[in-house]
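**Q** Predicted coordinates and the sequence they were generated for:
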Amino acid sequence: MKSIEEMMKAAQEAAASVQAQMQEAQAKLDTIEVEGVSGGGLVRIRASAKGRIKGIAIDDSLMVPGEKQMLEDLLAAAFNDARDKADQASNEEMGKMTSGLPLPPGFKLPF
């Protein structure tokens, strides 16, 4: 039977390993790019899987002063689409990292 000290050391090493893997996964999420689209492609938002906005593309046909409300709505829809895709990409990456960990059902990382 292992001593308490050995078990504590093993737990600390495991925690350090998980922390290092988490930092690596978080760094990787910033390199994964997703694109949110609305208006049939008239508005496009590029974002990282962490949700950082990298760019916005607006079709020239939407640059009409009388269509301001529609453009605002399309921007909001594209942002939401990008956020949904970023969340999905993040969940997939974190799932890869946590697949080997003995976590209870429903337990998610990061905390």
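**A** Perfect, I can see it now.
**Q** measure residue 58 to residue 66 for me?
**A** When C-beta to C-beta, to the nearest Å is the yardstick, residue 58 and residue 66 sit 15 Å from each other. Quick note: C-beta positions are derived from backbone N, CA and C, even for glycine.
**Q** Not counting sequence-adjacent ones, nearest residue to residue 79?
**A** Across the structure, with C-beta to C-beta, 6 or more residues apart in numbering as the measure, the residue nearest residue 79 apart from its sequence neighbours is residue 45 (5.6 Å).
**Q** any idea which helix is longest in the protein?
**A** Taking residue count as the measure and DSSP state H as the definition, the longest helix of the chain comes out as helix 68-98.
**Q** Residue 58 and residue 66 - which one has more neighbours?
**A** A side-by-side neighbour count of residue 58 and residue 66, using other C-beta atoms under 10 Å, places residue 58 first with 16 against 6.
**Q** roughly how far apart are the more buried one and residue 17?
**A** Here the criterion is C-beta to C-beta. By it, residue 58 lies 45 Å from residue 17.
**Q** can you pull the buried residues of the lowest-mean-pLDDT helix or strand in the chain?
**A** Among the secondary structure pieces of the chain, namely its helices and strands, helix 4-29 has the lowest mean (mean pLDDT, DSSP states H and E), a mean of 81. Within helix 4-29, the residues that qualify as buried by neighbour count (16 or more other C-beta atoms under 10 Å) are 21, 22, 25, 26, 28, 29.
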